[in-house]
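*Asks:* Turn this into a structure:
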Amino acid sequence: MVFDTPYLRLEPNNGFNKRTMVSINKSSLVLYSLFAAFSAITFGMLIGYYGFVNENADNIKTEEGTIGNIEEIKSAIKTQIKTSNIRNNLKKLTEKPHVAGSHQDEKVLVDFVKSSMEEANLDHVEVVPYDVLLSYPNMSNPNYLALVSNTGQVLKKSKSKEPPLTQNEKDPAVIDGFNSYSPAGHVVAKLIYVNFAKVEDFEYLLKSNINVSGLICIARYGSIFRGDKATNAQQFGCVGLVIFSDPLNYGGYSKHSWTPEDPDQSYPNTWWLPKTGFQRGSLHMGGDPETMFYPSLNITYRDDPTQLPQIPVQPISFADAYEFLSILGGLQAPDKWQGGFGFTYKIGGSFQGGPFENSSVELHVGNYAERKTIHNVLGYIYGSVEPDRYVLYGNHRDAWEFGGADPSSGTAVLLEAARAIGHTRKSAQWQPRRTIVFCNWGAEEHGLIGSTEWVEEFEKRLIQRAVAYINVDIAVQGNATFRASATPTLYQLLFNTTQKISNPNAAEVAAGRPSVFDTWLHVQPDEDFQPARPYIRNLGSGSDYTMFVQRAGVASIDMRYTFSERLSSYPVYHSLHDTFEYFETFLDPQFKYSLAVAEISTDLIVALAASKVLPIQPLDYPGKLEQMSKLLQRQHGQVLEKAGISLDNLNYCIQRLKGAADVFNSKRLAAGMSDDDEMKLRQLNDQLFYIDRGFLDFTGIPGRAKFRHVIFAPAQHDSYSGSGFPGVTDAIFEAVRGGTYERVKKQLSVLCVHILAAANLMD
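*Replies:* The predicted structure follows:
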């Protein structure tokens, strides 16, 4: 991160050995200490001068004087955003496959993003490298699942490559389908079907007296994070895991309807995943697996990554999965386990049919791990009044293949948002009150690595100075409605912003819904608690906001345009077919939904970076906690009552938070009307963005120390979804399975203490 003082950072050393520490001699330490002391004094003087200038940042300044307010600067920026620029950005970003660590991602696209930011009139652009452990398929030793007879004859074998279906997909840089961080391995065993490989699925099998230990299991993609599928399979004793994309979930078929003879209704003719396509993806989230909790610098000790899966895991297409599941024997699977294949799913343990009866399956994975240098690209517009307060807007750059929607649609929007803000800033001679940081992360797909390493390196600074983080991973994955996940202090800002953005869907406008907000509310109302407001999801994990929330307590938003179908993801997610052509044909032909996301983005950025009083709403937090307490009572009230556990203390603390928020919000509104005292504004704004810091437990959630936020964290058994009161719900999950309820009592106490801590921050 660059500020008014020189940026001091030790660069990664590509040549250092595992378990080797770099020594720094005494004279170097003295020089570093003197430099750091001088920098700190200089920076303090700069903050003292710039941080409390009596200037109304709600106005735009030019050489001729004030020309307008924040709403006018937002409008000026929006007139600069062009769909043609977004399209051109996406075209460039998706020219070739660009997996993390490749020349295309780390050199060609890093240079493109950096030059684009420099041309956008930003104050400074920098490239920040990290040396990290990545995982790849061995192209000369392909992964496969094979059906093998008792005499060793290979009867069926899955494919490791997706056949290209369009000319643009024929690129030698395309990598085989694989799950990163699966270990290499070769296992032979019987095959068993485990639905989505959730804990509940394995528990059902145990209750049915079906022992999965020593077997290779096959599971559907969806419902939970693929890495949690691998963890569950390993913990229940499976020796390997195969994952496939069921045509019910990804192919557009109804239950029991697809057969290999069916006419094709998939890409490139429709948006559905073709039968030969499959989903790549990581089994790990949380940064460089060798340096958990610490940034991957050349001075950082490297641990053996024992937290990674220990069993081989491999994805296959649903055409290949059909070949194995159609001959699987055993008991009939439950109705909820049935999928899109044109037969009744069986649980397995054996095969049926003449030549297959005594067969086994052979799972072969040849993956390898290699340390590579990845790069984050960061661009800065310095704040004129509070340069040490940061509004961050981010997206990742790397993709498993071409990355049409994921992530390049988001990168294309980020670059255009930066250009529009930079151009307007130059033409209007305007500078935001606070520093804006545009963040383009590396190696997100392998496990949120670029953003995690950066947050780990600058964690203490971010805790003190980061106002908010806005994440746009995929800008457009469908065109039905806007969708957002966020921390509660930013709910009202999202509602206000989307009410001002024109609806890109002409049919929705004709139906009397002229704004993005209107369709969002119509399609996704918060039916259980506040039906007059759109539903905002809890932040779990799966993208680069994770460590901002979990390590630094930074209020965050994750947003995109999405589909209305009940799907885990858009159909070609992480496949070869997620290309520019797919995006332009099926997701956003005129790039008008991308334009809407860019307009929402710039409005949010300017509101947070330029408003005199931060548009952070303290009242929505206690309201959200009240909802979560009611939900906790509804879902677990009976078991808690039997254990003699009451939620009275929790509800009391929530009311304390509500009272503090009421008083604090009155103070916030009064300051917005009249207070020009920069010292008082500084204090008020700091209290506003510190609210989420109050919910950080620095000892971490038990068993998951990477996560600190006691209100929101990735669910214990599904890292994608957001769990409310994670310490408490984790403890209940274990208690009902034979654990102790004392842990539940302790976690309720920890939760209450941190709710009161957040209330104290508002005093």
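
*Asks:* Tell me the spacing between residue 637 and residue 330.
*Replies:* Distance, residue 637 to residue 330, using CB to CB, to the nearest Å: 38 Å. The way it works is simple: take the backbone N, C-alpha and C, and place the C-beta from them, glycine included.

*Asks:* ok, these two, which is more surrounded?
*Replies:* residue 330 (17 against 14; other CB atoms under 10 Å).

*Asks:* for the more buried one, what are its contacts?
*Replies:* Going by CB atoms under 8 Å, 6 or more residues apart in numbering, residue 330 touches 192, 346, 347, 348, 349, 350.

*Asks:* if you set the cut-off to 10 Å instead, what comes out?
*Replies:* Residues in contact with residue 330 (CB atoms under 10 Å, 6 or more residues apart in numbering) are 190, 191, 192, 193, 210, 346, 347, 348, 349, 350, 351, 352.

*Asks:* just the residues you listed now: which is nearest residue 628?
*Replies:* The nearest member of those to residue 628, counting by CB to CB, is residue 193 at 35.2 Å.

*Asks:* how near is that closest one to residue 338?
*Replies:* 11 Å.

*Asks:* what sits in contact with each of the two?
*Replies:* Shared contacts of residue 193 and residue 338, defined by CB under 10 Å, 6+ apart, comprise residue 345.

*Asks:* More neighbours: which of those two?
*Replies:* residue 193 (25 against 17).

*Asks:* Show the contacting residues for that one.
*Replies:* 201, 205, 217-220, 242, 321, 324-325, 328, 330, 333, 337, 339, 345-349.

*Asks:* If any of those are buried, put those into a PyMOL selection.
*Replies:* Written as a PyMOL command, the selection of buried residues from those, which uses 16 or more other CB atoms under 10 Å, is:
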select buried, resi 201+205+217+218+219+220+242+321+324+325+328+330+333+337+339+345+346+347+348+349
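
*Asks:* Mind checking which of the contacts of residue 193 are in strands?
*Replies:* 217, 218, 219, 220, 242 (DSSP state E).

*Asks:* can I get those residues in a markdown table with pLDDT?
*Replies:* Converted to a markdown table, these look like this (pLDDT from 0 to 100):
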| residue | pLDDT |
| --- | --- |
| 217 | 98 |
| 218 | 98 |
| 219 | 98 |
| 220 | 98 |
| 242 | 98 |
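
*Asks:* Considering those residues, which is situated nearest to residue 609?
*Replies:* Nearest to residue 609 among these, counting by CB to CB, is residue 220 at 43.5 Å.

*Asks:* Show me what the closest one is bridged to.
*Replies:* residue 244 (DSSP bridges).

*Asks:* counting contacts, what elements does the top helix by length along the chain pack onto?
*Replies:* Counting residues, the longest helix found in the chain (DSSP state H) is helix 648-674. Packed against helix 648-674 by the contact rule (3 or more CB pairs under 10 Å, 6 or more residues apart in numbering; DSSP states H and E) you find helix 620-642, helix 678-689, helix 742-761.

*Asks:* and residue 700, which of those helices is closest to it?
*Replies:* That would be helix 742-761 among those, by CB to CB, at 10.8 Å.

*Asks:* May I have that closest one exported as CSV, CA atoms only?
*Replies:* Extracted as CSV, the C-alpha positions of helix 742-761 are listed here (Å, rounded to 0.1, in the frame of the first residue of the first chain):
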residue,chain,number,x,y,z
GLU,A,742,-20.9,-26.3,27.8
ARG,A,743,-19.2,-25.1,24.7
VAL,A,744,-22.5,-23.7,23.5
LYS,A,745,-22.8,-21.7,26.7
LYS,A,746,-19.3,-20.4,26.4
GLN,A,747,-19.8,-19.3,22.8
LEU,A,748,-23.0,-17.5,23.7
SER,A,749,-21.1,-15.7,26.3
VAL,A,750,-18.3,-14.8,23.8
LEU,A,751,-20.9,-13.5,21.4
CYS,A,752,-22.6,-11.3,24.0
VAL,A,753,-19.3,-9.8,25.1
HIS,A,754,-18.5,-8.8,21.5
ILE,A,755,-22.0,-7.3,20.9
LEU,A,756,-21.4,-5.1,24.0
ALA,A,757,-17.9,-4.3,22.7
ALA,A,758,-19.5,-3.0,19.4
ALA,A,759,-22.0,-1.0,21.5
ASN,A,760,-19.1,0.5,23.5
LEU,A,761,-17.4,1.7,20.2
